[in-house]
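Student: can't give you the sequence, but here's the structure:
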C-alpha cells in the first residue's frame, strides 16, 4: 500500500509519517517546502497546480490530508 501524507512536516502529519514508516508502510511525505528528514526527501506540493497534484497522487492508494492553512 502506498500512502501520501500532506503536511508531513507538521505536528500531526509528522508523527503519523514516523509511525507508518516504523510499520514499514510505503509513505510518501509532501509539504509546501522541499524538506529532508533523516535522508528522506519530502516532495513539494503546489496546491494551485493541478498538474503537480495529479503527478503526486499518481499510483497512490491512500491520501491522508494533514496540511493546515497557508
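Tutor: Cool, got the structure. Bear in mind the structure is a predicted one, so any value in this text is a computation, not a measurement. Numbering: from 1, shown residues only.
Student: and the residue most central in space within the chain, which of the three is it?
Tutor: Closest to where the C-alpha atoms of the chain average out (CA atoms, centre = their mean) is residue 29, at 2.5 Å. The three-state assignment at residue 29 reads strand, by DSSP: H, G, I helix; E, B strand; the rest coil.
Student: list the residues that contact the residue nearest to it when sequence neighbours are not counted.
Tutor: Using CB to CB, 6 or more residues apart in numbering and skipping the chain neighbours, the partner closest in space to residue 29 is residue 8 (3.2 Å). C-betas here are computed from N, CA, C, even on glycine. Applying CB atoms under 8 Å, 6 or more residues apart in numbering, we find residue 8 in contact with 14, 16-17, 27, 29-31, 42, 66.
Student: does residue 66 touch residue 6 like I think?
Tutor: Yes - the criterion here is CB atoms under 8 Å, and residue 66 meets it with residue 6 at 5.9 Å.
Student: quick check: which element contains residue 55?
Tutor: Assigned by DSSP states H and E, residue 55 falls within helix 50-57.
Student: can you pull the buried residues of that helix?
Tutor: Using 16 or more other CB atoms under 10 Å as the test for burial, helix 50-57 gives residue 56.
Student: rounded mean pLDDT for it, please.
Tutor: Averaging pLDDT along helix 50-57 yields 91.
Student: helices and strands around the next helix or strand after it, which ones?
Tutor: The helix or strand immediately downstream of helix 50-57 is strand 62-65, counting by DSSP H and E. Applying 3 or more CB pairs under 8 Å, 6 or more residues apart in numbering; DSSP states H and E, we find strand 62-65 packed against strand 2-6.
Student: now tell me which helix or strand of this structure has the poorest mean pLDDT.
Tutor: Between all helices and strands in the chain, the lowest mean by mean pLDDT, DSSP states H and E belongs to strand 36-37, at a mean of 64.
Student: who are the packing partners of the longest helix seen in the chain?
Tutor: Ranked by number of residues, the top helix in the chain under DSSP state H is helix 11-22. Helix 11-22 sits against strand 2-6, strand 26-31, with contacts defined as 3+ CB pairs under 8 Å, 6+ apart.
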